[in-house]
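K.L.:
What would the 3D arrangement of this be:
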Amino acid sequence: GIRNEDKEKVFDMFYSLSRGDNQTSHGVELAICRGMIGAHGGHVAALNNPDGKGTLMRISLPLNSNTTSGS
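P.N.:
Numbering: from 1, shown residues only. Next comes the predicted model:
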């Protein structure tokens, strides 16, 4: 999982997490993801996984109430 203090930082471009001998880069992909979702009026967040293992990514997008059938 991702530590609470790193949950917003992982969305920064080129941010990387270090754990012992492992270094994992997440920033580029997650920064692009957040930008694309934000461009559509949505939000993405890193959350604690309910089972206590790993991290849950929640993506929320608004419903488009201006859509008409047949268009």
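K.L.:
After the helix or strand of the chain with the lowest mean pLDDT, which helix or strand is next? Please name it.
P.N.:
Using mean pLDDT, DSSP states H and E, the weakest-scoring helix or strand in the chain turns out to be strand 22-25, at a mean of 57. Next helix or strand after strand 22-25 toward the C-terminus (DSSP states H and E): helix 27-39.
K.L.:
Let me see the mean pLDDT of that next one.
P.N.:
For helix 27-39, mean pLDDT rounds to 88.
K.L.:
now what about that helix, what contacts it?
P.N.:
10-16, 43-44, 59, 61 (CB atoms under 8 Å, 6 or more residues apart in numbering). Bear in mind the C-beta positions are built from the backbone N, C-alpha and C, glycine included.
K.L.:
Check the burial of Ile59 by counting its neighbours.
P.N.:
By other CB atoms under 10 Å, the residues close to Ile59 number 11.
K.L.:
my bad, should have said Ile2
P.N.:
20.
K.L.:
on that earlier part again, can I have the buried ones of the contacts of helix 27-39 as a PyMOL selection?
P.N.:
Those of the contacts of helix 27-39 that count as buried under 16 or more other CB atoms under 10 Å are selected in PyMOL with:
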select buried, resi 10+11+15+44
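K.L.:
Tell me which of the contacts of helix 27-39 has the lowest pLDDT.
P.N.:
Ranked by pLDDT, the contacts of helix 27-39 bottom out at Ser16, which has 75.
K.L.:
neighbours around Pro50, how many?
P.N.:
Look at Pro50: counted by other CB under 10 Å, it has 7 neighbours.
K.L.:
Good, wrapping up.
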